[in-house]
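Asker: Sequence and predicted structure below; questions after.
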Amino acid sequence: MQKEANATSHKILFLNTLAFTICFAVWMINGVLVTYLATNQVFDWGTIEIGWLMGIPVLTGSIFRLPAGMLTDKFGGKPVFGILLFFCAVPMFLLSYANDFISFALCSFGFGLAGASFAIGIAYTSVWYPTKQQGTALGIFGAGNAGAALTTLFAPTLLNSYTADGTNMEGWRMLPKVYAAILLVTGIIFFLFAENKKPASSNKTWAKMLSPLKNIRVWRFGFYYFLVFGCFVAFSQWLVPYFVNVYYMPIVTAGIFAALFSFPAGVIRAFGGWTSDKHGARKVMYWVLGLSVLISFMLVVPKMDIRSPGKGIMAQRPGTVTSVTETEIDVEWKEGRETYPLQVKPTTFENLDDQVLVFPAKEVWQESVVAEGQEVQKKELLAKGVTRIYFQANVWIFAVLVILLGSIWGVGAAAVYKHIPDYFPEEVGVVGGMVGVLGGLGGFFCPIIFGYLLEGTGLYTSCWIFMFFLSFVCLAWMHR
């Protein structure tokens with residue numbers, strides 16, 4: 001790494017961030033494209049096939065981060081990053097000719113390598129900056145995560161344009177060609193303007209380069225990254241069906257909300273890096289994991305409308321029911337008569353969906369279970385109690401909390417990578433690659449876990465229960 005940053009350092013940071021933004025947009029394309037093709041029945045894919053097509057690029061980009069980081073440490077970032085951009089353009093272009101699941105899956109496996117660009121950029125950026133500025137530099141580079149938001153935001157519009165709003169469905173094939181062209185142009189720019197530089201450890205053998213992976217600290221950093229990055233990637237795709245199913249939104253509107261989650265979470269990584277440089281990565285991670293526990297817990301309560309037995313009315317002595325109205329029950333007995341007042345059903349729950357409710361609302365009333373002329377015994381139930389609990393889980397409050405959580409994870413992602421050059425200054429590519437692998441696997445496995453939790457519990461908020469426990473475990477492990 002350099003002792004002081006210079007103009008070349010900043011140029012390389014700009015090129016790395018640009019290339020990573022493009023690669024991340026490519027990496028996330030199936031989340032939009034596969035959903036569009038399946039929804040419009042261009043291909044007869046079931047939920048399992050759709051899940052695999054969305055997951056394959058994420059898996060590919062994750063598992064190849066370690067070798068990509070090692071190659072960057074060995075040969076420098078310019079040739080490795082440039083070749084990756086050119087290579088990914090080929091399967092992305094071929095995707096436009098895919099006509100079945102197998103061909104689509106093979107192309108997805110190829111362009112999914114774009115996800116490995118993260119490990120390359122981390123290693124390539126770190127050698128150009130001194131330790132005191134690496135958090136900021138890596139945070140700025142990590143802002144390329146916003147590429148996910150660019151795809152979520154613009155790809156549906158492009159697909160509508162290319163297909164003439166669904167009248168020419170074969171027009172979808174233009175989108176992969178456009179993405180391939182962007183990759184190709186970015187690769188040319190990278191080769192023309194980037195300068196190569198290798199770390200001091202580049203002369204190590206492959207075995208020695210892997211030796212830091214024996215350190216438990218590497219795996220702990222990876223576990224943090226599984227949460228702050230892997231779950232970010234997972235929710236970038238999971239939030240679209242979440243908004244559609246829980247809040248009955250059109251898919252385009254749901255995509256906009258998902259983009260609002262992705263974009264700030266990516267951009268704020270620069271702030272996370274600067275904060276980690278200024279206050280220390282560990283202190284920042286305490287705040288990140290603590291707030292992740294708190295917000296996840298707040299999101300656990302589902303949208304609900306529950307009716308439950310409430311406080312009823314029992315007869316004080318035996319007698320005969322002489323009158324039953326909405327407001328009272330009269331019971332006559334040998335020595336007199338007794339009136340039991342009823343709680344009338346309130347009207348406070350009318351038009352609740354048009355209101356903004358922050359907390360659960362409750363209403364209580366009583367309903368008669370006896371009729372006129374009926375003989376009743378002492379302690380016999382005259383009226384049953386009904387309690388209705390309604391929680392709106394207002395979409396705007398939910399969206400604000402989710403966007404806030406995504407932004408907090410973005411800060412945490414930068415803080416995790418600030419740790420790496422502090423502890424492993426000459427092995428950033430290898431360690432960063434392994435941490436990136438674990439984080440990327442979070443993006444692959446979390447949607448699968450969410451699906452099983454949803455199927456098992458029937459609650460969409462089960463994903464937030466998982467986030468709560470995962471955040472708590474991370475916080476407890478870091479504190480120890």
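Answerer: Structure received. Residues are numbered from 1 along each chain as shown.

Asker: contacts and neighbour counts: CA atoms only from here.
Answerer: Noted.

Asker: which residues sit in contact with residue 169?
Answerer: Residues near residue 169 by Cα atoms under 8 Å, 6 or more residues apart in numbering: 42, 163.

Asker: ok, it to residue 102 distance?
Answerer: From residue 169 across to residue 102, the span is 20 Å (Cα to Cα, to the nearest Å).

Asker: Residue 410 too?
Answerer: Distance, residue 410 to residue 102, by Cα to Cα: 35 Å.

Asker: quick one: which of those two has more around it?
Answerer: Between residue 410 and residue 102, counted using other Cα atoms under 10 Å, the more crowded position is residue 410 (31 against 12).

Asker: just how off-centre is the worst-scoring helix or strand of the chain on mean pLDDT within its chain?
Answerer: In the chain, no helix or strand scores lower on mean pLDDT, DSSP states H and E than helix 206-209, which sits at a mean of 72. Per Cα atoms, centre = their mean, to the nearest Å, the displacement of helix 206-209 from the mean C-alpha position of its chain is 34 Å.

Asker: Enumerate the positions of that helix that are buried.
Answerer: residue 209 (16 or more other Cα atoms under 10 Å).

Asker: for the next helix or strand after that helix, packing partners?
Answerer: Scanning forward in sequence from helix 206-209 by DSSP states H and E, the next helix or strand is helix 216-225. Here helix 216-225 touches helix 395-423, helix 428-457, going by 3 or more Cα pairs under 8 Å, 6 or more residues apart in numbering; DSSP states H and E.

Asker: Please repeat the previous calculation with a cut-off of 6 Å.
Answerer: Packing partners of helix 216-225 (3 or more Cα pairs under 6 Å, 6 or more residues apart in numbering; DSSP states H and E): helix 428-457.

Asker: What average pLDDT does the helix it packs on get?
Answerer: Mean per-residue pLDDT for helix 428-457: 83.

Asker: Kindly report the same for stretch 114-130.
Answerer: 89.

Asker: same deal with stretch 408-420?
Answerer: Taken as a whole, stretch 408-420 has a mean pLDDT of 86.

Asker: hey, C-alpha coordinates of that stretch in CSV?
Answerer: Written as CSV, here are the backbone C-alpha positions of stretch 408-420 (Å, rounded to 0.1, in the frame of the first residue of the first chain):
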residue,chain,number,x,y,z
ILE,A,408,-27.2,0.8,8.5
TRP,A,409,-26.1,-2.4,6.8
GLY,A,410,-24.3,-0.3,4.2
VAL,A,411,-22.3,1.4,6.9
GLY,A,412,-21.6,-2.0,8.5
ALA,A,413,-20.3,-3.4,5.2
ALA,A,414,-17.7,-0.6,5.0
ALA,A,415,-16.7,-1.1,8.6
VAL,A,416,-16.1,-4.9,8.0
TYR,A,417,-13.7,-4.1,5.2
LYS,A,418,-12.0,-1.4,7.2
HIS,A,419,-11.0,-4.2,9.6
ILE,A,420,-9.3,-6.3,6.9
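
Asker: who touches it?
Answerer: Here stretch 408-420 makes contact (Cα atoms under 6 Å, 6 or more residues apart in numbering) with 135, 139, 228, 265-266, 268-269, 272-273, 276, 281, 285, 288.

Asker: again, only using 8 Å
Answerer: Contact with stretch 408-420 is made by 134-135, 138-139, 142, 221, 224-225, 227-229, 232, 265-273, 276-277, 281-282, 284-285, 288-289, 291-292, 428, 431-432, as judged by Cα under 8 Å, 6+ apart.

Asker: if you look at these, which of them are in helices?
Answerer: Judged by DSSP state H, helices contain the following of the contacts of stretch 408-420: 134-135, 138-139, 142, 221, 224-225, 232, 265-267, 269-273, 276-277, 281-282, 284-285, 288-289, 291-292, 428, 431-432.

Asker: which helices and strands sit right next to the least confident helix or strand of the chain?
Answerer: Here helix 206-209 touches no other helix or strand, going by 3+ Cα pairs under 8 Å, 6+ apart.

Asker: picking up where we left off before, mind checking which of the contacts of stretch 408-420 are buried?
Answerer: The buried subset of the contacts of stretch 408-420 (16+ other Cα under 10 Å) comprises 134-135, 138-139, 142, 221, 224-225, 227-229, 232, 265-273, 276-277, 281-282, 284-285, 288-289, 291-292, 428, 431-432.

Asker: So residue 67 sits against residue 433, correct?
Answerer: Yes: assessed by Cα atoms under 8 Å, residue 67 is found in contact with residue 433 at 7.3 Å.

Asker: Looking at those two, which one has more neighbours?
Answerer: Comparing residue 67 with residue 433 by other Cα under 10 Å, the one with more neighbours is residue 433, at 30 against 18.

Asker: Tell me how many other residues crowd the closest residue to residue 134 other than its chain neighbours.
Answerer: Nearest residue to residue 134 in three dimensions, chain neighbours excluded: residue 126, at 6.2 Å (Cα to Cα, 6 or more residues apart in numbering). Residue 126 sits with 27 neighbouring residues when counted by other Cα under 10 Å.

Asker: which intervals of the stretch 301-450 of the chain have sub-threshold pLDDT?
Answerer: The stretch 301-450 of the chain contains residues with pLDDT under 70 at 349-356.

Asker: All the strands of this protein, in order from the start?
Answerer: Ranges of strands within the chain are 304-314, 319-324, 328-333, 336-341, 361-368, 375-376, 381-391, based on DSSP state E.

Asker: can you put those strands in a markdown table and add distance to residue 116 and mean neighbour count?
Answerer: What follows is the strands of the chain, written out as a markdown table (distance: least, Cα to Cα, whole Å; neighbours: other Cα atoms under 10 Å):
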| stretch | distance to residue 116 | mean neighbour count |
| --- | --- | --- |
| strand 304-314 | 41 | 14 |
| strand 319-324 | 74 | 20 |
| strand 328-333 | 72 | 19 |
| strand 336-341 | 71 | 14 |
| strand 361-368 | 48 | 18 |
| strand 375-376 | 76 | 18 |
| strand 381-391 | 42 | 18 |
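
Asker: With distance to residue 453 as new columns, can those be given to me in JSON lines?
Answerer: Below are the strands of the chain laid out as JSON lines (distance: least, Cα to Cα, whole Å):
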{"stretch": "strand 304-314", "distance to residue 453": "18"}
{"stretch": "strand 319-324", "distance to residue 453": "48"}
{"stretch": "strand 328-333", "distance to residue 453": "47"}
{"stretch": "strand 336-341", "distance to residue 453": "46"}
{"stretch": "strand 361-368", "distance to residue 453": "27"}
{"stretch": "strand 375-376", "distance to residue 453": "48"}
{"stretch": "strand 381-391", "distance to residue 453": "21"}
